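Visitor: Below are the sequence and a predicted model; questions follow.
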Protein chains: 2
Amino acid sequence: MINVVLLGAGNVGTHLYRALNKANDIALLQWYNRSANAMKEAKGKVELTTEIDTIKEADLYLLAVSDSSIALLSNELGKRKGLVAHTAGSIPMHVLDKHLNHGVFYPLQTFSKQKEVDFHKIPLCLEANTAQNLLLLEQVAKAPGGPVYTIDSTQRKALHIAAVFVNNFVNHLYSVGEQICEEHQVPFSVLHPLILETADKIKSLSPEAAQTGPALRGDQLVLNEHLKQLTKTTHKELYSIISAAIQHHG
Amino acid sequence: MINVVLLGAGNVGTHLYRALNKANDIALLQWYNRSANAMKEAKGKVELTTEIDTIKEADLYLLAVSDSSIALLSNELGKRKGLVAHTAGSIPMHVLDKHLNHGVFYPLQTFSKQKEVDFHKIPLCLEANTAQNLLLLEQVAKAPGGPVYTIDSTQRKALHIAAVFVNNFVNHLYSVGEQICEEHQVPFSVLHPLILETADKIKSLSPEAAQTGPALRGDQLVLNEHLKQLTKTTHKELYSIISAAIQHHG
């Protein structure tokens, strides 16, 4: 049995709480957050605390807090024998090196509190300062049942940037699609199957090989026509720059 | 029973053949294509022809050919009593108005010959020059079992542009993600669950509401760091312009 203290009750923290609380080989000793309100779903199920001084000794401390709070919280924790790991994509492991045992436990997924996610489908990207610490993280990571990767800080940084492209930026393009639909009184749901199929294709085809459309065909007539039709300057700009990138395989 | 002649054996034509061939209330009289080779999967199952002059009388002629071939093929068909409809997103209905009965039968989906699609999940966007012709298209469209919409030429054009954003452009961002992963020896499959979840979210949350990430938070530190890390000029350019669009809800 691995004793874990979870710190943070934002999107990642909340989903981690739900996953760890279900896991068989993990004892969730405490859940810490500055405000108690964000943890109310766990009332009576796990020990809750808003006082950093009351945090118990554990095998693993998971810091599921915002990038800018990691260093501060790590200091507030004080010297600990247990492994201290953060869950952030873009923060290097070494910010935790005041702790003898430290590492990273990065769930690569997009979390909204409103939408349940299957933790067993979430890739966990791990890094630790020793082989033994990595083993401990692996044991915890395997509990939810998803894919587990060993990823160093440089790779994780790259992965985080790639994630911004395929998540935040892709989502923005969905939002542009929705705006265009609304402007023409077409329900955005007409586009849902296309969006889902485009995403699903990556499982069997490389996106480079899956590409289609007027930009790839170099169909200047359609490209000009589309640019003319777009009413928003930002949309025109995005249209031009992404079409050019497609044409130059950029 | 509705008699249909299908023309064209590209991606859309091939998938339409498969869907129509399975449909109960539709008799696929002929499949026409300039070259016989693209239709070989249908040999012995449906009458195949490469000669436009041999095309039979039918209730519906579906022109599933490239945008630039529609007008030509429509002329070659000659005067027909049956309904002549094309399947293109960006071509107005009126290019077919030499035919007394004409319309549009636009399946809004991305097709690759290599990947099977569930036609019953594909939205069919219909337009016709008379109410009776629309009824005929609706009967055919309902056979595969997917959602059916009546969409006029102006709306369809807008929809096609929106589709370019949520399909071709999104797919390009996947490709950028893959390039970044390859550069850092990280398997692209680490990003698959994130890609699928981002797409799945649109079913329950508007993309505007679902947005997260450094650009939305205005986290200039992370934005600068990411820009510094990117090695390709195109990627930097895409990163800047899409981040700015997110910040201005553009």
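Guide: Thanks, I have it.

Visitor: Please name the nearest non-neighbouring residue to residue A:249.
Guide: Nearest residue to residue A:249 in three dimensions, chain neighbours excluded: residue A:208, at 7.3 Å (CB to CB, 6 or more residues apart in numbering or on different chains). C-betas here are computed from N, CA, C, even on glycine.

Visitor: so where is chain A shaky, pLDDT-wise?
Guide: Residue ranges of chain A with pLDDT under 70: A:113.

Visitor: care to break it down by domain?
Guide: Chain A breaks down by automatic domain parsing into domains covering A:2-151, A:156-247.

Visitor: Deepest in the core, which of the ones you listed is it.
Guide: Neighbour counts (mean count of other CB atoms under 10 Å in any protein chain shown) averaged over each of the domains of chain A peak at domain A:156-247, with a mean of 20.

Visitor: What is the end-to-end distance of it?
Guide: 29 Å (CA to CA, to the nearest Å).

Visitor: Same check on stretch A:41-53?
Guide: With CA to CA, one end of stretch A:41-53 sits 23 Å from the other.

Visitor: With stretch A:138-148 instead?
Guide: Note: stretch A:138-148 ends 7 Å apart using CA to CA.

Visitor: gap between that stretch and the chain center?
Guide: Between the centre of stretch A:138-148 and the centre of its chain there are 16 Å (CA atoms, centre = their mean, to the nearest Å).

Visitor: same thing with stretch A:108-126?
Guide: Stretch A:108-126 sits 7 Å away from the centroid of its parent chain (CA atoms, centre = their mean).

Visitor: cool, stretch A:126-137 as well?
Guide: Computed by CA atoms, centre = their mean, the chain-centroid distance of stretch A:126-137 equals 20 Å.

Visitor: Check stretch A:180-196 too.
Guide: Using CA atoms, centre = their mean, the offset of stretch A:180-196 from its chain centre is 26 Å.

Visitor: What are the contacting residues of it?
Guide: Outside stretch A:180-196, the residues that touch it by CB atoms under 8 Å, 6 or more residues apart in numbering or on different chains are A:174, A:177-178, A:230-231, A:235, B:108-110, B:121-123, B:125, B:146-147, B:149, B:151, B:154-155, B:158-159, B:161-163, B:165-167, B:170, B:199-200, B:202-203, B:206.

Visitor: Quickly find the element holding the residue of chain A positioned farthest from its centre.
Guide: Here the centre of chain A is the reference, and by CA atoms, centre = their mean the most remote residue is residue A:221, at 39.6 Å. Residue A:221 is located in helix A:220-229, with elements delineated by DSSP states H and E.

Visitor: Tell me which helix or strand comes right after that helix.
Guide: On the C-terminal side of helix A:220-229, the closest following helix or strand by DSSP H and E is helix A:233-247.

Visitor: what's that next one in contact with?
Guide: Defining contact as CB under 8 Å, 6+ apart, one finds that helix A:233-247 is touched by A:173, A:176, A:179-180, A:211, A:213-216, A:218, A:223, A:226-227, A:230, A:250, B:161, B:164-165, B:168-169, B:172, B:176, B:234, B:237-238, B:241-242, B:245, B:248, B:250.

Visitor: show me the contacts for the residue nearest to residue A:249.
Guide: For residue A:208, the contacting residues are A:249, B:175, B:178, by CB under 8 Å, 6+ apart.

Visitor: again, but for residue A:171
Guide: B:198, B:201, B:207, B:210, B:211.

Visitor: Check the secondary structure at the nearest residue to residue A:121 once chain neighbours are set aside for me.
Guide: Leaving aside its chain neighbours, residue A:121 sits nearest to residue B:193 (5.0 Å; criterion: CB to CB, 6+ apart). Three-state assignment for residue B:193 (DSSP: H, G, I helix; E, B strand; the rest coil): helix.

Visitor: How about the one residue sitting closest to the centre of chain A, nearest residue that isn't a chain neighbour?
Guide: Nearest to the mean C-alpha position of chain A, counting by CA atoms, centre = their mean, stands residue A:109 at 3.4 Å. Among residues not flanking residue A:109 along the chain, residue A:122 sits closest, at 4.5 Å (CB to CB, 6+ apart).

Visitor: I'd assumed residue B:201 was in contact with residue A:114.
Guide: No. Residue A:114 is beyond contact range of residue B:201, at 9.8 Å (criterion: CB atoms under 8 Å).

Visitor: quick one on the thing from earlier: so the residue nearest to the centre of chain A, which of the three states?
Guide: coil.

Visitor: Look up how far residue B:200 lies from the spatially closest residue to residue A:211 that is not a sequence neighbour.
Guide: Closest residue to residue A:211 apart from its sequence neighbours, by CB to CB, 6+ apart: residue B:171 at 5.7 Å. To residue B:200, residue B:171 is 17 Å away according to CB to CB, to the nearest Å.

Visitor: Over to residue A:106?
Guide: Relative to residue B:200, and taking CB to CB, residue A:106 is found at 21 Å.

Visitor: now, which of the contacts of residue A:171 lie within helices?
Guide: Among the contacts of residue A:171, DSSP state H puts B:198, B:201, B:207, B:210 in helices.

Visitor: Closest one to residue A:45 out of the contacts of residue A:171, please.
Guide: Of all those, residue A:45 sits closest to residue B:201, with 27.1 Å by CB to CB.
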